[in-house]
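Novice: I would like to see how this sequence folds:
(one chain, ligands or ions: 1)
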Amino acid sequence: VPELPEVETVRLGLNQVTLHQTLEGGQVLLDRTIAHPLDVGAFLAGIQGCQIAQWHRRGKYLYAELVAPQDAGTSRRASRSNSRIPAPRGYLGAHLRMTGQLLWMHQSDPLQKHTRVRLFFPAGRELRFNDQRTFGQLWWVPAELGLEQVMTGLQKLGPEPFSAEFCDRYLIDAFKGRQRPIKNALLDQSLVAGVGNIYADEALFLSQIRPETLCAKLKPSQIKTLRQQVISVLQASIAARGTSFSDYRDISGTNGNYGAIAWVYGRDGQPCRVCGTEIIRVKLAGRSAHFCPQCQPSA
Ligand SMILES: [Zn+2]
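Specialist: Numbering: from 1, shown residues only. You can find the predicted model right below:
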């Protein structure tokens with residue numbers, strides 16, 4: 001499942017190839033991929049003729065600000081005298097969920113078995129949404145409706161890990177008296193947005209904390225270390241363009257590289273890169289957790 005670094009890698013790619021380009025139209029091959037509006041014709045009519053102003057990420061959600069081409073032109077002229085940003089006409093939202101892929105292709109490329117939505121750009125280019133498991137979603141959000149009112153999952157997200165809000169004090173308060181395993185807390189998107197199974201395991205290894213340790217038992221010094229390691233492991237993975245797992249691809253169709261340098265994730269049965277002890281995998285809240293029993297002593 002794509003986590004923050006994978007989604008951020010896709011966002012960076014989208015900003016490289018689609019900025020200031022006009023959405024000329026599209027084709028929906030699987031209606032339920034369109035989460036809003038329910039009428040796919042209204043989805044296509046909403047985005048058609050809009051220009052991509054900027055792609056943003058919030059947690060694992062992606063959204064592009066869409067502006068009318070004349071607004072974009074006005075703003076480029078206006079930006080020389082003042083830095084007015086044009087009001088967006090609306091937003092194109094996307095969530096990859098388990099197996100979604102946004103791929104920058106040519107319209108002449110043959111359709112794949114799991115192609116769900118095609119978005120057409122000038123010069124025969126196409127942003128193609130492929131999704132084997134079909135949990136992925138796209139949204140058209142007219143500006144007057146408001147992003148969080150339509151993409152309601154955004155309302156439930158905790159702070160971004162790279163934001164000032166995600167500070168030591170915030171985490172120490174959040175963990176106070178909480179009798180749940182730290183691994184489960186890290187996976188909770190309302191605590192911190194975008195961290196999933198891979199990077200929770202990695203950050204806990206680097207913090208020398210066993211995944212089942214109860215939040216309430218963590219010392220403030222451990223919480224401070226954990227916060228720093230969550231941030232650094234996400235940064236390391238973004239630098240490696242995400243983790244290579246079965247369905248994740250960046251927009252050019254390439255796998256990430258973080259898997260090759262992971263400390264514990266997916267390495268059960270292999271020696272710890274620090275001490276040589278065998279990495280263990282256990283089930284925790286229905287998910288697999290990987291840790292080194294030597295480097296991560298039980299609390
Ligand atoms: Zn070890």
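Novice: partners of whichever strand or helix holds residue 141 in the sheet?
Specialist: Assigned by DSSP states H and E, residue 141 belongs to strand 137-142. Applying DSSP bridges, strand 137-142 is found paired with strand 34-36 (parallel), strand 90-95 (antiparallel).
Novice: buried set for whichever helix or strand comes after that strand?
Specialist: Reading on from strand 137-142 to the C-terminus, the next helix or strand found by DSSP H and E is helix 147-150. By neighbour count with 16 or more other C-beta atoms under 10 Å, helix 147-150 contains the buried residues 147, 150. To be clear about C-beta, it is placed using only N, CA and C from the backbone, and glycine gets the same treatment.
Novice: pretty sure residue 298 contacts residue 213?
Specialist: Yes - counting by C-beta atoms under 8 Å, residue 298 touches residue 213, with 7.5 Å between them.
Novice: show me which of these two is the more surrounded one.
Specialist: Taking neighbours as other C-beta atoms under 10 Å, residue 298 and residue 213 compare with residue 213 leading, 20 against 9.
Novice: quick one, what contacts that one?
Specialist: Residues in contact with residue 213 (C-beta atoms under 8 Å, 6 or more residues apart in numbering) are 181, 182, 298, 299.
Novice: could these be laid out in TSV, adding distance to the ion, pLDDT and secondary structure?
Specialist: Formatted as TSV, the contacts of residue 213 follow (distance: C-beta to the ion, whole Å; pLDDT from 0 to 100; DSSP: H, G, I helix; E, B strand; the rest coil):
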residue	distance to the ion	pLDDT	secondary structure
181	20	97	strand
182	18	97	helix
298	14	86	coil
299	16	75	coil
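Novice: so which of those residues wins on neighbours?
Specialist: Most surrounded of the contacts of residue 213: other C-beta under 10 Å gives residue 182, at 28 neighbours.
Novice: disregarding flanking residues, what is the spatial nearest neighbour of that residue?
Specialist: residue 213 (5.1 Å; C-beta to C-beta, 6 or more residues apart in numbering).
Novice: same check on residue 202?
Specialist: In this structure, residue 202 finds its nearest non-sequential neighbour in residue 233, 4.6 Å apart by C-beta to C-beta, 6+ apart.
Novice: with only the CA atoms kept, save stretch 228-246 in PDB.
Specialist: Provided in PDB are the C-alpha atoms of stretch 228-246 (Å, rounded to 0.1, in the frame of the first residue of the first chain):
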ATOM      1  CA  GLN A 228      12.900  12.500  14.700                       C
ATOM      2  CA  GLN A 229      13.100   9.000  13.200                       C
ATOM      3  CA  VAL A 230       9.600   9.100  11.700                       C
ATOM      4  CA  ILE A 231      10.700  12.300   9.800                       C
ATOM      5  CA  SER A 232      14.100  11.000   8.800                       C
ATOM      6  CA  VAL A 233      12.900   7.600   7.500                       C
ATOM      7  CA  LEU A 234      10.200   9.300   5.400                       C
ATOM      8  CA  GLN A 235      12.800  11.700   4.000                       C
ATOM      9  CA  ALA A 236      15.200   8.800   3.200                       C
ATOM     10  CA  SER A 237      12.400   7.000   1.400                       C
ATOM     11  CA  ILE A 238      11.400  10.100  -0.600                       C
ATOM     12  CA  ALA A 239      15.000  10.500  -1.600                       C
ATOM     13  CA  ALA A 240      14.900   6.800  -2.800                       C
ATOM     14  CA  ARG A 241      11.700   7.500  -4.700                       C
ATOM     15  CA  GLY A 242       9.600   5.300  -2.300                       C
ATOM     16  CA  THR A 243       9.600   1.600  -1.700                       C
ATOM     17  CA  SER A 244       9.400  -1.100  -4.300                       C
ATOM     18  CA  PHE A 245       6.500  -3.300  -3.700                       C
ATOM     19  CA  SER A 246       4.100  -5.200  -6.000                       C
END
